[in-house]
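Undergrad: sequence unavailable; structure follows:
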Ligand SMILES: NC(=O)c1ccc[n+]([C@@H]2O[C@H](COP(=O)([O-])OP(=O)(O)OC[C@H]3O[C@@H](n4cnc5c(N)ncnc54)[C@H](OP(=O)(O)O)[C@@H]3O)[C@@H](O)[C@H]2O)c1
């Protein structure tokens, strides 16, 4: 297959690039905004035609949650309008969405069939992207994920390692619960979908296994990174000056993905161990 991977300079896009080496039977085309702006309908169609693309994996997105509150129009262009453009090319599509489509008020892991209620501009634009994609490409696969980190790009793991080295004390919120997800494991899940003999369209939830708070996550990061001289304390969300409200409980139920594709998913600390080992090289 000829596979186009958009947003290739991001966390997930880079992990897709690493894993693509294990799938040499496909030809992979890695593009980011400089090579292919997914908002440019003419350019997208020309690229798909010129390279006989069979499948688009959309890793491109407007992911800055705070900035999206100030500029929802731009976030909508990238997270929804452009997703509809990608879905209109007559190719298979795998698209990535977010736990932010839910309110975060739940106390049980969210299933794909649970009602959505985005509370942020980012969440609204990502939900709109899901709807617009399914309207033009009902056979698309959408993977909702959460709390993504990677060796690449900016993320919580890298920030906590830096702060752990710079500061003697650090307060981290403990009243937001979720599942840290190694982008390399999400990339592996995307290749599971690609390599599956049957195409199974629909929405799926994919994160690593288990749950923790940002506080627990930080303790684990520091332990694995060998950071000993920073005292980490639990704080409440209200003590941290968030510009945008964050979900208190955003755990995704991954049963559908595991059952459909017959796979098990690594525990979050296992993914973190592999990532920190690479960061410590
Ligand atoms: N990060 C998380 O915690 C998280 C959680 C849940 C779901 N997700 C979803 O997971 C997916 C991957 O996230 P990620 O963390 O890998 O994102 P990321 O690191 O922000 O990467 C996104 C990439 O897309 C590029 N991009 C932006 N606009 C574009 C355009 N018009 N055309 C082409 N490329 C464009 C970005 O370039 P610039 O950097 O120059 O803008 C960036 O390289 C996204 O769909 C995101 O919504 C992420």
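TA: Good, I have the coordinates. Remember, it's a predicted structure, so these values are computed and weren't measured experimentally. Residues are numbered from 1 along each chain as shown.
Undergrad: stretch 222-230: end-to-end distance?
TA: Across its full length, stretch 222-230 reaches 8 Å between end residues, using CA to CA, to the nearest Å.
Undergrad: neighbouring contacts of the longest helix that the chain contains?
TA: With secondary structure taken from DSSP state H, the chain has its longest helix at helix 121-136. The contact list for helix 121-136, computed with CB atoms under 8 Å, 6 or more residues apart in numbering, reads 61-65, 68-69, 72, 75-76, 78-81, 83-84, 86-88, 93, 95, 97-98, 100-102, 116, 118, 140, 142, 203, 244. (Glycine included, C-beta is placed from N, CA and C.)
Undergrad: buried stuff in that helix?
TA: For helix 121-136, a neighbour-count test (16 or more other CB atoms under 10 Å) marks 121-130, 132-134 as buried.
Undergrad: quick one: which of these is nearest residue 53?
TA: residue 133 (16.1 Å; CB to CB).
Undergrad: nearest spatial neighbour of the closest one, skipping sequence neighbours?
TA: Sequence neighbours aside, residue 87 is the residue nearest to residue 133 in space, at 4.4 Å (criterion: CB to CB, 6 or more residues apart in numbering).
Undergrad: how many neighbouring residues does that neighbour have?
TA: Other residues lying near residue 87 total 23 when counted by other CB atoms under 10 Å.
Undergrad: and for residue 113?
TA: 8.
Undergrad: and it, what pLDDT?
TA: Listed pLDDT for residue 113 reads 97.
Undergrad: give the contact list for it.
TA: Residue 113 neighbours (CB under 8 Å, 6+ apart): none.
Undergrad: distance-wise, check it relative to the ligand.
TA: 19 Å (CB to the nearest ligand atom, to the nearest Å).
Undergrad: what do you get for residue 202?
TA: In terms of CB to the nearest ligand atom, residue 202 sits 17 Å off from the ligand.
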